[in-house]
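Trainee: dropping a prediction and its sequence here:
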Amino acid sequence: MTTDPLLVATGLHKSYGHTPALDGADLTIRSGEVVAVMGPSGSGKSTLLHCLAGIVRPDSGEVRYRGEELSAMSDGERSALRRSDFGFVFQFGQLVPELTCLENVAIPLRLNGTRRRAAEAEAVKWLERLEVADVAGQRPGEVSGGQGQRVAVARALVSGPRVIFADEPTGALDSLNGERVMRLLTEAAHDTGAAVVLVTHEPRVAAYSDREIVVRDGKSRDMERVS
Ligand SMILES: Nc1ncnc2c1ncn2[C@@H]1O[C@H](COP(=O)(O)OP(=O)(O)OP(=O)(O)O)[C@@H](O)[C@H]1O
Ligand SMILES: [Mg+2]
């Protein structure tokens, strides 16, 4: 499948003080593909993901999203882009503890101006899709780790993002729950045509991807896999 690149990062450098986190990383993400970003701890995987998502600004190099350079946008434009086009899943879900699971999933739609009833109706569909409709009325502290991560995936997908950024989304789960989260995440992404940038150091999780990138010492390398 050849489609125009969605996200293109070239020559990314980023240092924290004297510590180089990225040292010339390049990466291209196309619509609909699931890309696993692998590599040892401290190699720059999270920094790369944050640069791609416009959360961290690289010291040099550029990230283009659908041809537009992220660092040329204003902060407001970048935040609006994150809300409309990107979805996020992190290691510990990061759900809002005071809200129910249903309300958590509805947040991205509410932030984009959707009215409560319509947002919650859509949120219910995604909770069903992720097989966690039964915990809709519970708060995150009252559900299991695996359920919480599936709620977080529902929240990342509810607004119809073009790119889902997932940083160790199964890192806190046992292998059975991790596999279930990955299966549901990749199925939903393939059905909606969203691209997934998946940071993981577990080969078992990376096996759900279409392509693997290895980051080592802040440099990225493509590992085309024959599957
Ligand atoms: N906010 C920060 N302040 C200072 N140093 C940082 C910061 N974020 C990352 N670093 C450093 O940059 C380097 C790359 O970090 P990064 O978090 O990108 O690695 P990682 O590959 O995601 O590691 P892990 O697998 O442990 O999550 C590390 O040396 C780290 O200590
Ligand atoms: Mg990390």
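Mentor: Structure's in. What do you need? Ligands and ions are numbered 1, 2, ... in the order given.

Trainee: mind listing the residues bridging to the residue at minimal distance from the centre of the chain?
Mentor: The residue lying closest to the centre of the chain (C-alpha atoms, centre = their mean) is F165, at 1.4 Å. F165 forms beta bridges with F88, V197, as assigned by DSSP bridges.

Trainee: let me see the contact set for it.
Mentor: Contacts were defined as C-beta atoms under 8 Å, 6 or more residues apart in numbering; by that measure F165 touches 49, 52-53, 86-89, 197. For glycine as for every other residue, the C-beta is placed from the backbone atoms N, C-alpha and C.

Trainee: where does K125 fall, helix, sheet strand or coil?
Mentor: Secondary structure, DSSP: H, G, I helix; E, B strand; the rest coil: K125 is helix.

Trainee: number of residues surrounding it?
Mentor: Other residues near K125 number 13, with proximity taken as other C-beta atoms under 10 Å.

Trainee: again, but for R115
Mentor: Counted with other C-beta under 10 Å, the burial measure for R115 works out to 10 neighbours.

Trainee: check it and give its pLDDT.
Mentor: The predicted structure scores R115 at 97 on the pLDDT scale.

Trainee: same check, this time on D222
Mentor: Per-residue confidence at D222 stands at 79 (pLDDT).

Trainee: all strands for this protein, in order.
Mentor: Listed in chain order, the strands found in the chain under DSSP state E are 5-16, 19-30, 34-38, 60-65, 68-69, 86-89, 163-167, 195-199, 211-216, 219-223.

Trainee: how about a markdown table for the ones you listed, with distance to ligand 1 added?
Mentor: What follows is those, written out as a markdown table (distance: least, C-beta to the nearest ligand atom, whole Å):
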| stretch | distance to ligand 1 |
| --- | --- |
| strand 5-16 | 3 |
| strand 19-30 | 3 |
| strand 34-38 | 8 |
| strand 60-65 | 15 |
| strand 68-69 | 22 |
| strand 86-89 | 15 |
| strand 163-167 | 7 |
| strand 195-199 | 7 |
| strand 211-216 | 6 |
| strand 219-223 | 11 |
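
Trainee: please work out which of those is packed deepest.
Mentor: For these, the largest average neighbour count (mean count of other C-beta atoms under 10 Å) is found in strand 195-199, namely a mean of 25.

Trainee: other SSEs contacting it?
Mentor: Identification of packing neighbours for strand 195-199 by 3 or more C-beta pairs under 8 Å, 6 or more residues apart in numbering; DSSP states H and E yields strand 5-16, strand 19-30, strand 34-38, helix 45-52, strand 163-167, helix 175-192.

Trainee: dump those to CSV, plus mean pLDDT and distance to A152.
Mentor: As requested, the helices and strands packed on strand 195-199 are exported to CSV (pLDDT from 0 to 100; distance: least, C-beta to C-beta, whole Å):
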stretch, mean pLDDT, distance to A152
strand 5-16, 96, 21
strand 19-30, 94, 21
strand 34-38, 96, 17
helix 45-52, 96, 15
strand 163-167, 97, 9
helix 175-192, 92, 9
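
Trainee: R211 is nearest to which of the ones you listed?
Mentor: In terms of C-beta to C-beta, the element of the helices and strands packed on strand 195-199 nearest to R211 is strand 34-38, at 5.1 Å.

Trainee: so what's the gap between that closest one and the chain middle?
Mentor: Between the mean C-alpha location of strand 34-38 and the chain-wide mean there is a distance of 11 Å, by C-alpha atoms, centre = their mean, to the nearest Å.
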